[in-house]
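**Q** Test case, fold it:
(4 chains)
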There are 2 protein chains.
Amino acid sequence: MNQQAINILKTHQLSITVSRSSVLTLFLKSKKALSYTTIEHKFSDKFDRVTMYRTLTLFIEKGIIHTIPTSDNTTLYALCKNECTEGHHHDEHVHFICDDCGTTTCLSETNIPKIKLPKGYTAAEIQMVVKGVCERCI
Amino acid sequence: MNQQAINILKTHQLSITVSRSSVLTLFLKSKKALSYTTIEHKFSDKFDRVTMYRTLTLFIEKGIIHTIPTSDNTTLYALCKNECTEGHHHDEHVHFICDDCGTTTCLSETNIPKIKLPKGYTAAEIQMVVKGVCERCI
DNA sequence: GTAACTGCAAAATATTTGCATCCTT
DNA sequence: AAGGATGCAAATATTTTGCAGTTAC
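**A** Sure thing, here's the model as predicted:
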């Protein structure tokens, strides 16, 4: 089992199981956002669909991964950065979805600019998704 | 039937039917984003679920409505502004989701700021969703 | 050993498709 | 009248729940 994955699980006081560390390792390796279908297919021979759902739900609750909103109504999951704590996501970077290869990347270095909201509105969380062509598909 | 709804349908060369104008009227009246469930419940006694799905899909194709990405994996639909044309959405404003009342509003006056992407990335479409407290829930 | 995790079966929910009928143009 | 739109039935896909067996600690 991947040591980094184990550490993350320990940090969040979760028991170390094969399915959890496998899913986490996949995220750590791929370094991009993954759809539920991708994850499920990757492990369909090893774990049950239900376990996948429960694992992902748990990771979201614990602030280990977060969902990325996409306009085409698919759910994408990506690793949170360390600042995420349980129940409160700080995900202040831009997500990029490539129209060509379909890959979603967290542009960790690209911060979301501050914006001025109309009078009366208070922001708690901002998400920004850019679609276009990524560096690998130019 | 609402005349404004009829005009929109005509503009997009769609035949005028009760279900289409009803759905469109709902959007015109509510002036906020609506979930599929909301729309379906509103008309469950009048139209079939299937008709709702087909109507919404058609409106999206024609550039009449667009989907709003949300982090909690629900799909929201909102009216496009006039600049939207078939197959190509220009939806360069910010969407605001109120954590209190759950309402999603299109902040038409708040434009999405230009951002600098990493080398190699080209943007075609940008979406920005802000969560927080809206003017009605302060 | 015990509490938590997993797998299986099945329920509940959401979405899509085919086809006969009805409505718009 | 003709083509498109709708409703119904049913197929398919997605997500959730209950419970018994298994595993981590």
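
**Q** all contacts plus neighbour counts: C-alpha atoms, from now on.
**A** Will do.

**Q** If we ignore the residues flanking it in sequence, what's nearest A:Asn111?
**A** Counting by C-alpha to C-alpha, 6 or more residues apart in numbering or on different chains, A:His93 is the residue found nearest to A:Asn111 once chain neighbours are left out, at 4.7 Å.

**Q** Which residue, other than its chain neighbours, is closest to the residue of chain A most remote from its centre?
**A** Centroid-distance maximum for chain A: A:Lys119 at 32.1 Å, with C-alpha atoms, centre = their mean. Nearest residue to A:Lys119 in three dimensions, chain neighbours excluded: B:Glu135, at 7.2 Å (C-alpha to C-alpha, 6+ apart).

**Q** Let me see the contact set for that neighbour.
**A** A:119-121 (C-alpha atoms under 8 Å, 6 or more residues apart in numbering or on different chains).

**Q** Of the residues you listed, just say which sits nearest to DNA strand D.
**A** DNA strand D lies nearest to A:Tyr121 out of the contacts of B:Glu135, by C-alpha to the nearest atom of the strand, at 29.7 Å.

**Q** Now do the phi/psi pair for that closest one.
**A** Main-chain dihedrals, A:Tyr121, degrees, to the nearest 10: phi -100, psi 140.

**Q** Double-check it against B:Cys134; I have them as touching.
**A** Yes. With contact defined as C-alpha atoms under 8 Å, A:Tyr121 and B:Cys134 form a contacting pair (4.6 Å).

**Q** Quick one: classify A:Leu117 as helix, strand or coil.
**A** What DSSP: H, G, I helix; E, B strand; the rest coil gives for A:Leu117 is coil.

**Q** give me the number of residues near the nearest residue to it once chain neighbours are set aside?
**A** Distances taken as C-alpha to C-alpha, 6+ apart put B:Thr110 closest to A:Leu117, at 6.6 Å, once the chain neighbours are dropped. For B:Thr110, the neighbour count with other C-alpha atoms under 10 Å in any protein chain shown is 15.

**Q** give me every residue that touches B:Thr110.
**A** Contacts of B:Thr110 (C-alpha under 8 Å, 6+ apart): A:116-118, B:93-94.

**Q** how does it look with 10 Å?
**A** For B:Thr110, the contact set (C-alpha atoms under 10 Å, 6 or more residues apart in numbering or on different chains) comprises A:115-118, B:92-95.

**Q** so what strands line up beside the lengthiest strand in chain A?
**A** When chain A is scanned for its longest strand (criterion: DSSP state E), the result is strand A:122-133. Counting by DSSP bridges, the strands paired with strand A:122-133 are strand A:93-98 (parallel), strand B:122-133 (antiparallel).
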